[in-house]
Structures are given as structure tokens and as C-alpha cells.
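Asks: sequence isn't available, so here's the structure alone:
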């Protein structure tokens, strides 16, 4: 799980972002925006799923006395907050805040932090899944995974196609993103099922697994928009990995 989450955050999201203009020329700006959202939401969600699994592993005695209903309630509140921002319109909020906070901080408040609310849903899912075999390995997992990926990609692109910036409320946009949570949750479950009890070995896999805790900052700090910053992160973490993790 952590290797896949890291690949999305460190490699796939930066590549799609950097190639955004080329994709827009080939497929229109809205399709490019949908692909970008698809990659970002998958990377962030899988990272939070890994975080939930890690939290459950470290605090399993504490969560043994915690009601699943309470955990699900927390995820529902976080998800509704995320959908509410989509309903009002992220771009409208960004334009209003940019005069006061600047484009970087406004983008962090309006675009990146709300995605972390979405991540809370997957963190709770990770807590609830820890130690359970969901029976989605093998061919069945790959088939369901492919279908879920196609449905989720269609939702991400479809939401961008129905978005109209002059609306006071973006009902269609918010509704599609709310519905898209179901195939995205299915993707998380299937990846968990495919990787359950599997260990990936080798120098590259070990390095990617070592990157996982810090990889979220590629998204939070928007390093993915600059190949130089991503490269500096990878080089710096490689030296840290060699010095501390391989002893």
C-alpha cells in the first residue's frame, strides 16, 4: 500500500501535472483537469488509507474500545465538509481569498487542505480494515479494480465537463464528486485486497516505502508542480535513506 501511494504522490502526480499543457492541447483543458484531479485524489486517498492502517497497527488496543459508528461518523462529517466546498465552488473561493492571502496560500486553503478532509474518510477505512482479509485478491481483484478505476476516471472528467464557473452553486459538480466516492472507496478496498499480506522487496521498493511518510508533502506543499523540487526531494531523501535506513 505505501509503495503504491508513494508512486502516485512522487511520480504519477508530478508527471501528469508537468504534462498538463500537452494533455490539454490533445484532449482539452477540462479533460486535463479531470486527469489531474484523478491522480491527486487517488494518491492522497491511498496515502491516508496507509496512514489509517498504520495508526490501527500502532494503537490497536485503543481502537478495540472505540465504536465503529463513531469512526464512521467522523469520516462522514469530513466528507460532507469536502462536498460543501465543491458545492460553493473552489475557484470562486480561491479568487476571493487570493487578494488577501496570495495565490499560493489561497490554493493551499481552497484546493489542498479540503482534499485532506477527503483523506480522513480513507484513514478511517484503513483503521476499520486493519488485519482483515477482504477477499479481493487475484483475478477478481484486478477485474473489479479496472472497472472501479474506469468509473472513477469518468466521474473526475465528467465533473469538470459540467462545471460552470458563473453558477452560484455548483450542484452537478458537487453531486458527481460525492457519487465518485463510491468507486474511489472500491479502489482503496481492492488495492488493499491485492496487497494484503504481501511484501515488496528490493532496493527500489524499500526506498519507496521509506519515502511514504514524507511523500504527502509533495501534495501539501505543491512540490508536484515543479520537477526540480521533486527531484531535490528525491535526491535529498535518497541520502537520508542511505545514511539512516540502511544501517
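Replies: Ah, there it is. Note that the coordinates shown come from a computational prediction; the quantities given were computed from them, not determined experimentally.
Asks: which strands and helices lie in contact with the helix or strand containing residue 125?
Replies: Assessed by DSSP states H and E, residue 125 sits inside helix 113-129. On a contact count with 3 or more CB pairs under 8 Å, 6 or more residues apart in numbering; DSSP states H and E, helix 113-129 meets helix 29-58, helix 68-88, helix 181-195. Using the backbone N, CA and C atoms, a C-beta is placed for each residue, glycine as well.
Asks: make a markdown table out of those helices and add distance to residue 7, mean pLDDT and mean neighbour count.
Replies: Compiled in a markdown table, those are given as follows (distance: least, CB to CB, whole Å; pLDDT from 0 to 100; neighbours: other CB atoms under 10 Å):
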| stretch | distance to residue 7 | mean pLDDT | mean neighbour count |
| --- | --- | --- | --- |
| helix 29-58 | 8 | 91 | 21 |
| helix 68-88 | 24 | 87 | 15 |
| helix 181-195 | 11 | 90 | 20 |
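Asks: before we move on, back to that, which elements pack onto whatever helix or strand comes next after the helix holding residue 125?
Replies: Following helix 113-129 in sequence order, the next helix or strand is helix 138-162 (DSSP H and E). Contact analysis of helix 138-162 by 3+ CB pairs under 8 Å, 6+ apart lists helix 29-58, helix 171-179, helix 181-195 as its packing neighbours.
Asks: distance from the chain centre to the longest one, please.
Replies: Put plainly, it is helix 29-58. Offset of helix 29-58 from its chain centre (CA atoms, centre = their mean, to the nearest Å): 1 Å.
Asks: thinking again about what came up before, reformat the helices and strands packed on helix 138-162 as TSV; add distance to residue 125.
Replies: Below are these laid out as TSV (distance: least, CB to CB, whole Å):
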stretch	distance to residue 125
helix 29-58	6
helix 171-179	17
helix 181-195	6
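Asks: closest one to residue 232 among those?
Replies: Proximity to residue 232, assessed across these by CB to CB, is greatest for helix 29-58 (19.2 Å).
Asks: what angle do the closest one and helix 68-88 make?
Replies: Relative orientation of helix 29-58 versus helix 68-88 (axes from the mean of the first three to the mean of the last three CA atoms, to 10 degrees): 160 degrees.
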